[in-house]
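>>> curious how this folds, go ahead:
(chains A and B)
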Protein chains: 2
Amino acid sequence: MQTDALILRAAKGLKVERTPVWVMRQAGRILPEYRAIRASLSGFKELVETPALAAEVSKQPVDILGVDAAIIFSDILVVPEAMGLPYQMLEQKGPWFEKTIETHADILRLNAHNAHENLQYVYDAIACLKKNLAGSVPIIGFAGAPWTIFCYMIEGKGSKTFSLAKKWLYQAPDLSHILLDKITEVTIQYLQEQVRAGADMLQIFDSWAEVLSPEAYRIFAIPYLDKISQAFAGKTPITLFSKGAHGSRKYLAALPCDTIGLDWTVDIAESRAIIGANKTLQGNLDPCVLYSSEAEIVKQTEKMLADFAGQRHIANLGHGVYPDTDWQKVKLFIDVVKNYKFKNA
Amino acid sequence: MQTDALILRAAKGLKVERTPVWVMRQAGRILPEYRAIRASLSGFKELVETPALAAEVSKQPVDILGVDAAIIFSDILVVPEAMGLPYQMLEQKGPWFEKTIETHADILRLNAHNAHENLQYVYDAIACLKKNLAGSVPIIGFAGAPWTIFCYMIEGKGSKTFSLAKKWLYQAPDLSHILLDKITEVTIQYLQEQVRAGADMLQIFDSWAEVLSPEAYRIFAIPYLDKISQAFAGKTPITLFSKGAHGSRKYLAALPCDTIGLDWTVDIAESRAIIGANKTLQGNLDPCVLYSSEAEIVKQTEKMLADFAGQRHIANLGHGVYPDTDWQKVKLFIDVVKNYKFKNA
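Sure, this is the predicted structure:
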C-alpha cells in the first residue's frame, strides 16, 4: 500500500503539495472505453460480478482522466443482495427488488453473519485492480450507508420521498434499529474484506440522507455511521458522504471519520466552521457545471479550490458525474485541480 | 374578503390569539370524501378543470379537518399547459408532457401575453369556492415558481436531478432567462386573476429548488420570485416555499414577500436568525411524523410550536401531506395547533 500517496495524506491531514482529485462515478458511464465493454455484456450486473472486467473499468479513469485514486466499480446494492434480497438493474428505471422487508420475520430471515462471504467477486475485483495499478494510485473501497440500504430494502426501488422507509422509523423504531444494526454488521465485515483485498481508503455513500430531518438522522443514521467509522479509525482512512444532510454536519463532525463529503448545495466556509479543522472535506462542484463552457469550468473549479483554501481538501464533484457529461470536460476539471497554484503557496 | 382572518393577520405580522394552521395538499388524496368524487371521474385533470368539483374538494378540508384556510384544488402544471405545452397526469408515474422546450424557437412559440386567459376554469373554481365558504376562511391561490415550471418545460416529466433543465442554465443562461421571464409574466397575470376571483393570499411552490446551488438559485430563481413578490407587495399576502433551498434562505429573506415556507430539514431557530423578524415563517413538521402514534404526533407538533414561539408563524407540514396518511392523524395535528397554549401567553 502506498501510505504516502497524495490522497491518503490529504485524508489524514498531512501536508500535500497540491489538492488531490477524483470524481464520484468516474468508473463508468462517461467513458467510451467503459461503454464498449458494457455493450459486450448482458447487463450492468454482469460487469459488477466479473472481477477482471470490474477491475478494468475501475482503472480506466486513472489512465484516461488522470485521477488520484481508483474507486472499485461496483454497486451499493450488492449488500442487500448478499443478505438475501436480490435486485435487478432495469434500464432507464434503476434498481428493483423482487422481495422487500415488510415484517419482523423478514428481518430475521436476512443473512447477516456470513453475508459478506457472498461478495467474493468484489474482493477479487479489488485484488485484480491492485495488481493492475501496480502502486500507481490508491484504491477506494465503498459501501452504502445503513440508512440508504434500509431505504432500498423497504421500498424495493427508488422513491422521491422514501416515505415507506421513513414510516418504519416513525411506526416501528425498535425494529428499524434491529434492521439498521444488521446492515451495519454486514457493512463493516464487507469493508474489512475490501481492505484485506487491497482497498487503501473507504467511502460510505448515504445517498438518501436528504429525506431525513436532522433529528431523525441523529437517531437513525449517525449511530451506525459511528460504528462503521470506529471500525476503521486509525487504520484505514474513511470518508462519509451524506448527500443532502446539511442539517447533520454537526453530528457527522463528531464521528471518528477522516473525511466528510459535501454536496454542492452547502457553503464551503460555513461547512468548515461547522465541521472544524480536524476533518478533511471532499467535494463539492455542482456536477452540472461540467455542462458549461471550458472557461466557465475553469473559473468555477478555481473558485471552489480557493474557497477550500487547500490542505485537508480532496477535490471532487458534489454528486456522481452525470452520464451525459463530456468526458473531456471531466478531464478539464481534473487538470484544473492538478495545475492550480494557491496564491500563498 | 376577510381582512381580519387569523391566517391573514399572521401573514402580515399582526397579533394573533393562536397559531393558524393549514396543510399543503390538504385538498385531495387523504380524504375519503375526495376519493369518492375522484373515482367518479375520468382522471385528475377532469377534477382540476371542473370548477364546481374543484371548489367542492377545496372546501372538504375546511369542513372535515378544520383548517384555517382553503387552498384551491389545482396543479402547478396548468401554467405550462396554458402556455402551449399540454400535460397528462399518469397514474403511479406523475406528469408527462408530449412536447418539451428544446430550442429558442420553441420558447418563441410559447403563448405568453394571453396564456392566463386559458385558465378561466381556475378562476371559476375560486369564485365558486368563495361563494360556498361564505366568508368562513380565506382562500389561498397558488402557482409554481418559474424555476420549477422551467424544469417541467425542459424535462417533460419528473427527474431525480433535473440535470437537463440545469444544463440549460449552464449552457444557455441567456435563453434560460428569456424562458424564465416568460413564465414569470404569465404567472403574475395568473395570480392576479386568482386574486380578482377571490383568492385572499398566495403561495409560490418552488418544488425543485433543492437541485440548484445557492449561487444558481440567486441567479436563476430569486429575480423571478422578486418580480412576483413585488407584484403583490402591500396588496395580497404572498408565501414563498422553496423546498430544499436551505442555502438560499438569506436571498429569500430580502424579497418583498410576507411569508417564507420551511421544509422539515432546516432548523427553526437558525431559519429565524437567517431570515430575521420581519417575515412570517410557515411549516415545518416532517410529513412522516403523521405516521407516528398519537402521543408522538402531539409531542412533535408541540415541540415545533414551541420552537417557532408563536406570532409570525403559520403551522403546516414541511411538504405536502403524503397520500397514505391517515386523515384522522392530520386532524390531530391541526387540533394540537389550535389548542396549544404558549407558556408565556
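>>> which SS state does the most centrally placed residue in chain A fall under?
In chain A, the centroid-proximal residue (C-alpha atoms, centre = their mean) is A:F205; its distance is 4.1 Å. What DSSP: H, G, I helix; E, B strand; the rest coil gives for A:F205 is strand.
>>> distance of it from A:C151?
12 Å (C-beta to C-beta, to the nearest Å). Every residue, glycine included, has its C-beta placed from N, CA and C.
>>> could you do A:L8 as well?
In terms of C-beta to C-beta, A:L8 sits 31 Å off from A:C151.
>>> same question, A:W96
Distance from A:W96 to A:C151, by C-beta to C-beta: 14 Å.
>>> for those two, indicate the residue with more neighbours.
A:C151 (25 against 13; other C-beta atoms under 10 Å in any protein chain shown).
>>> now the more buried one. Nearest residue, chain neighbours left out?
A:A165 (4.4 Å; C-beta to C-beta, 6 or more residues apart in numbering or on different chains).
>>> tell me the contacts of that neighbour?
Residues near A:A165 by C-beta atoms under 8 Å, 6 or more residues apart in numbering or on different chains: A:F150, A:C151, A:I154, A:E155, A:S159, A:W208.
>>> tell me the mean pLDDT over the helix or strand that contains A:I260?
Using DSSP states H and E, A:I260 maps to strand A:259-261. Averaging pLDDT along strand A:259-261 gives 98.
>>> ok so, going back, and the contacts of A:A165, which is closest to B:L31?
A:S159 (23.2 Å; C-beta to C-beta).
>>> hey, what's A:L285 bridged with?
With DSSP bridges as the criterion, A:L285 is bridged to A:L317.
>>> could you tell me how many residues sit around it?
Neighbour tally, A:L285, other C-beta under 10 Å: 23.
>>> who are the contact partners of it?
A:W264, A:Q300, A:T301, A:M304, A:A315, A:N316, A:L317, A:G318, A:F333.
>>> hang on, the fifth one packs against A:P20?
Yes. Taking C-beta atoms under 8 Å as the contact criterion, A:A315 and A:P20 are neighbours in contact, 7.0 Å apart.
>>> who has more neighbours out of these two?
Taking neighbours as other C-beta under 10 Å, A:A315 and A:P20 compare with A:A315 leading, 29 against 26.
>>> assign that one to helix, strand or coil.
strand.
>>> how much space between it and A:C288?
A:A315 is 17 Å from A:C288, by C-beta to C-beta.
>>> burial count for A:E91?
7.
>>> revised request: answer the last question for A:E296.
15.
>>> run the chain-centre distance for the helix or strand hosting it.
In the assignment (DSSP H and E), A:E296 maps to helix A:294-308. Remark: helix A:294-308 is offset 23 Å from the chain centroid, using C-alpha atoms, centre = their mean, to the nearest Å.
>>> could you do stretch A:315-327 as well?
13 Å.
>>> taking helix B:294-308 as reference, get the angle to the top helix by length along chain A.
Longest helix in chain A by number of residues (criterion: DSSP state H): helix A:173-197. Between helix A:173-197 and helix B:294-308, the angle comes out at 80 degrees (axes from the mean of the first three to the mean of the last three C-alpha atoms, to 10 degrees).
>>> does stretch A:197-214 come close to chain B?
Yes. Residues of stretch A:197-214 are located near chain B by C-beta under 8 Å from any C-beta of the partner chain, namely A:E210, A:L212, A:S213, A:P214.
>>> report the buried members of those residues.
The neighbour count (16 or more other C-beta atoms under 10 Å in any protein chain shown) marks A:E210, A:L212, A:S213, A:P214 as buried among the residues of stretch A:197-214 next to chain B.
>>> in TSV, list those along with pLDDT and secondary structure.
Shown next, in TSV, are these (pLDDT from 0 to 100; DSSP: H, G, I helix; E, B strand; the rest coil):
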residue	pLDDT	secondary structure
A:E210	97	helix
A:L212	98	coil
A:S213	98	coil
A:P214	97	helix
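>>> of the residues you listed, closest to B:A277?
A:P214 (23.4 Å).
>>> how about the residues of chain A near chain B?
Residues of chain A lying near chain B (C-beta under 8 Å from any C-beta): A:158, A:160-161, A:163, A:166-167, A:169-171, A:210, A:212-214, A:216, A:244, A:246-247, A:264-267, A:286-289, A:291-293, A:296, A:319, A:322, A:324.
>>> inside helices: which ones of the residues you listed?
A:S163, A:K166, A:K167, A:L169, A:Y170, A:Q171, A:P214, A:A216, A:E296.
>>> who wins on neighbours among those?
Result: A:K166 is most packed of those (other C-beta under 10 Å), 27 neighbours.
>>> re earlier: and the residues of stretch A:197-214 next to chain B, which is closest to A:T100?
A:L212 (19.4 Å).
>>> would you agree the closest one is in contact with A:S163?
No. Applying C-beta under 8 Å as the test, A:L212 and A:S163 come out as separate, 11.5 Å apart.
>>> A:K343: what's its closest spatial neighbour, skipping adjacent residues?
The nearest residue in space to A:K343 (C-beta to C-beta, 6+ apart) is A:A306, at 8.0 Å.
>>> re the thing from before, so the residue nearest to the centre of chain A touches A:G141, yeah?
No. A:F205 lies out of contact with A:G141 (C-beta under 8 Å); the separation is 11.6 Å.
>>> give the contact list for A:G244.
By C-beta under 8 Å, 6+ apart, the neighbours of A:G244 are A:W208, A:A209, A:E210, A:V211, A:D263, A:T265, B:E210, B:G244, B:T265.
>>> what pLDDT does it get?
97.
>>> likewise for the one 3 residues further on?
If you check A:G247, the pLDDT there is 97.
>>> residues in contact with it?
Applying C-beta under 8 Å, 6+ apart, the residues near A:G247 are A:S213, A:P214, A:Y217, B:H246, B:T265, B:V266, B:D267.
>>> A:V16 now?
A:L6, A:R9, A:A10, A:G310, A:Q311.
>>> please redo it, this time with the cut-off set to 10 Å
A:L6, A:I7, A:L8, A:R9, A:A10, A:T280, A:G310, A:Q311, A:R312, A:H313, A:I314 (C-beta atoms under 10 Å, 6 or more residues apart in numbering or on different chains).
>>> and the two most separated of the residues you listed?
A:L8 and A:G310 (16.6 Å).
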